[in-house]
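Peer 1: prediction below, plus the sequence it came from.
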2 protein chains.
Amino acid sequence: MSVPVPPWQQRAARSRAPKQPLSLELIVRTALDLLDAEGLDAVSMRKVAQRLGTGAASLYAHVRNKDELHELMLDLVFGEIEVPRPDPRRWQDQIKAVIRRQVEVLARHPGIAQVVLRTPAPTGPNALGITEAMLAILRSAGLPDRAVAFGVDILALYGTAAALERSAGFGLDEAELGDRMRQVGEYLTQLPAERFPTIVAMLPALMSGDADERFEFGLDLIVRGLAEHASERSG
Amino acid sequence: MSVPVPPWQQRAARSRAPKQPLSLELIVRTALDLLDAEGLDAVSMRKVAQRLGTGAASLYAHVRNKDELHELMLDLVFGEIEVPRPDPRRWQDQIKAVIRRQVEVLARHPGIAQVVLRTPAPTGPNALGITEAMLAILRSAGLPDRAVAFGVDILALYGTAAALERSAGFGLDEAELGDRMRQVGEYLTQLPAERFPTIVAMLPALMSGDADERFEFGLDLIVRGLAEHASERSG
DNA sequence: ACCTGAACACCGTTCAAGT
DNA sequence: ACCTGAACACCGTTCAAGT
């Protein structure tokens, strides 16, 4: 037989945080929401705690420190990358698709790529899953072990750097970004041709192509290079 | 006719900062000393000011904000990269040497590579000089303009990411770094083979090779890929 | 024009105290 | 075991005041 709570004892419902009990999962999910809304620099212990209606100190019962929280967030993000079953005939397309997806996913959570570069080697379950899949794809292609191991390393590094570059302009709106681009272009146009002859001569090429085209160019370069390692062995 | 300063008016000589007047150059040089000693995260306005025997507010007369200070530091660092005069017959060696040098120099100033990745496009005089040189080398090879422009982009990105990775372990001494490596290796050995068959099967290859070998493998991959673009044109 | 101290609005992390 | 408020030692940046 329970009795209703008298109104003067009812807490005002917090619109943001309907007081669930704290848990690691809830903390990481909340931190990820904050990341998506405001970028990695805004993901502070204090702001995450605030979103949960508590103080920063409370988080330390579930997480060793801020770096660990960032790494847990990263592995959750890696979970958004789905990977194919290796098909040796399509290995080039498959590895490209995984890297493209990696860039997309990392760039969608602005700044998280920084965490990849800070961490010696991501060892969360999802990160390991991606690594496993990438290794399997390159191995199915018949590449030498060294080319498989180093290739995955390089492709992941390239994808991470590309993602980081892509989220660099986070916070600026479309118009501001356009302004920035135009300003850089204008600045380059005014460069003295005596001192920077090649830059000036190549301005059209330098300004051509969007981030995506440039990324694809490099991805193709690396994958084709790896393919040569395969043919060297079989040839 | 000047008279000696009486002892009770003499300021105690600060061992660290022999009170030179503040200037942009002095600020940036001091910040760079701090960077080398303690890494980028330690380069705060307050700590730089402290080394100069003043308060953080004083720096704002010479520098718009911390980001600008970081970018000025970066361009000074780029100044340490010397570049060759293009020799078409040796373009592959030349471009490789420049990128290697870039990694070395960036890694020597721990964390500065982060600034490259944050900045849309480095536009300091020294950064432009390096870009000019890299473009000239690839152009002397007879590559199509697009391959020159995109190639420089990708090589610089690759070098920057490699440098960042290399300075990740800054602050840890040799022994701690070795421990870390051994721990990761041990962890991977204990992975369940059913779930991560390829990782487990490839453990020797995954643990083989130091940072340098891996870097060279990727550098070679990219440069050879670019070389193919050259032969496509002439062939 | 350049420099300064104080103030404001933030940080990460620890710790003693509570349940 | 989990949560808390207060405290400590930091941040970047602004501003009124000084020279």
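Peer 2: Arrived safely, thanks for sending. Numbers count the residues shown, from 1 in each chain, chains lettered A, B, ... in the order given.

Peer 1: phi and psi next, for the residue nearest the centre of chain A.
Peer 2: By Cα atoms, centre = their mean, chain A has its centre lying nearest to residue A:106, at 2.0 Å. Per-residue torsions, residue A:106: phi -60, psi -40 (degrees, to the nearest 10).

Peer 1: right, and the helix or strand after the helix or strand bottoming out on mean pLDDT in chain A?
Peer 2: Taking mean pLDDT, DSSP states H and E as the measure, chain A has helix A:174-189 as its least confident helix or strand, at a mean of 84. As assigned by DSSP states H and E, the chain's next helix or strand after helix A:174-189 is helix A:197-201.

Peer 1: off-centre distance for that next one?
Peer 2: Relative to the chain's own centre, helix A:197-201 is displaced by 34 Å; criterion: Cα atoms, centre = their mean, to the nearest Å.

Peer 1: still on that earlier bit, I'd say the residue nearest to the centre of chain A and residue A:113 touch.
Peer 2: Yes. Counting by Cβ atoms under 8 Å, residue A:113 is a contact partner of residue A:106 at 4.6 Å. The way it works is simple: take the backbone N, C-alpha and C, and place the C-beta from them, glycine included.

Peer 1: re earlier: ok, the residue nearest to the centre of chain A - contacts?
Peer 2: A:77, A:112, A:113, A:116, A:159, A:160, A:163, A:164, A:167 (Cβ atoms under 8 Å, 6 or more residues apart in numbering or on different chains).

Peer 1: looking at the residues you listed, which gets the smallest pLDDT?
Peer 2: Across the contacts of residue A:106, the smallest pLDDT goes to residue A:167, namely 88.

Peer 1: if we can go back for a sec, return a ChimeraX selection command for the buried portion of the contacts of residue A:106.
Peer 2: Command for ChimeraX, covering only those of these found buried under the criterion 16 or more other Cβ atoms under 10 Å in any protein chain shown:
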select /A:77,112,113,116,159,160,163,164,167
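
Peer 1: what is the distance between the least confident helix or strand of chain A and the centre of its chain?
Peer 2: Its chain's C-alpha centre and that of helix A:174-189 lie 25 Å apart, by Cα atoms, centre = their mean.

Peer 1: just stretch A:92-101 next, same as before
Peer 2: 15 Å.

Peer 1: run through who's touching that stretch.
Peer 2: A:81-84, A:86-87, A:130, A:133-134, A:137-138, A:141, A:155-156, A:158-159, A:219-220, A:223, A:227.

Peer 1: if we use 6 Å, what do you get?
Peer 2: Stretch A:92-101 has contacts (Cβ atoms under 6 Å, 6 or more residues apart in numbering or on different chains) with A:81, A:83, A:84, A:134, A:137, A:155, A:159, A:219, A:223.

Peer 1: tell me which parts of chain A are close to DNA strand C?
Peer 2: Counting by Cβ under 7 Å from any atom of the strand, the positions of chain A adjacent to DNA strand C are A:42, A:44, A:45, A:46, A:47, A:56, A:57, A:60, A:65, A:66, A:67.

Peer 1: please parse chain A into its domains.
Peer 2: Per automatic domain parsing, the structural domains of chain A span A:7-63, A:84-171+A:202-234.
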